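S.K.: Curious how this folds, go ahead:
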Amino acid sequence: MLVCTLGVVGVLAACQQQPPLDVYGRMPEFSLRDQTGATFSSTELNGKVALIDFVYTHCTDACPILSANFAQAQRKLADDKLLGTKVMLVSLSVDPMHDTPSVLAEYGQRFKADANAWKFLTGDWEDVYDVVSGFKIAVKPPRPALDAPAPGGTELSHSTRIVLVDGQGQVRAYLDGQDEDLVAAVRRVV
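M.R.: As a prediction, this is how the structure comes out:
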């Protein structure tokens, strides 16, 4: 009877397995600065699964929701002993003119970001938007004037999608950053 029960449980578990996620291309190569001012490049994600979102610190609409969801994912991934060792969180500022490393560090502190496992990235306008367009999230907008004030509220248009990248640098999913269980998606590729 026990063998029969175990067999049924095994069959049910096999039926519930989800198919592998599609591959949508490769992650773009980049070299930017993190919230500590250190260089952080795409090669540092080799062998790790990454969740990548696109935010800016003056945003009052979607960005705080995206960052709160990352904070929740950070807690779950830390509990699962995956954070930093197998999974990284990356938030790329879409306002590199104003989101300096120190501004990003302060923003990250609001969400209790672990600076070793959750990177907030910025850089030159061209470099940042080469990455954004490389992820097929948006096209490169015109560079704002050097003296332009920081955008506030919902002035900057950007995607609320989160990109899931596997350990081989392949884009595996574009997730809804406001609704989806990010950790469940990560577990599908870890």
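
S.K.: Could you look up the SS state of the residue positioned nearest the centre of the chain?
M.R.: Centroid check for the chain by Cα atoms, centre = their mean gives residue 52 as the closest residue, at 1.7 Å. Residue 52 falls in the strand class when you classify it by DSSP: H, G, I helix; E, B strand; the rest coil.

S.K.: got a list of what it touches?
M.R.: 90-92, 135, 162-163, 165 (Cβ atoms under 8 Å, 6 or more residues apart in numbering). For the C-beta atoms, the positions are set from N, CA and C on the backbone; glycine is no exception.

S.K.: swap the cut-off to 10 Å and go again
M.R.: Shown in contact with residue 52 (Cβ atoms under 10 Å, 6 or more residues apart in numbering): 27, 45, 88-92, 119, 121, 131, 135, 137, 161-165, 171.

S.K.: Just the ones in strands from those, please.
M.R.: 88-92, 119, 121, 161-165, 171 (DSSP state E).

S.K.: Which of the helices or strands spans residue 174?
M.R.: Using DSSP states H and E, residue 174 sits in strand 171-176.

S.K.: how big is the angle separating that strand from strand 161-165?
M.R.: For strand 171-176 against strand 161-165, the angle by axes from the mean of the first three to the mean of the last three Cα atoms, to 10 degrees is 160 degrees.

S.K.: in its sheet, what does strand 171-176 sit against?
M.R.: As defined by DSSP bridges, the strand partners of strand 171-176 come to strand 161-165 (antiparallel).

S.K.: Can you list the helices and strands that the longest helix anywhere in the chain packs against?
M.R.: As assigned by DSSP state H, the longest helix anywhere in the chain is helix 62-79. With contacts taken as 3 or more Cβ pairs under 10 Å, 6 or more residues apart in numbering; DSSP states H and E, helix 62-79 sits against strand 49-55, strand 87-93, helix 101-110, strand 118-121, strand 161-165, helix 182-187.

S.K.: ok, now with 7 Å
M.R.: strand 49-55, strand 87-93, helix 182-187 (3 or more Cβ pairs under 7 Å, 6 or more residues apart in numbering; DSSP states H and E).
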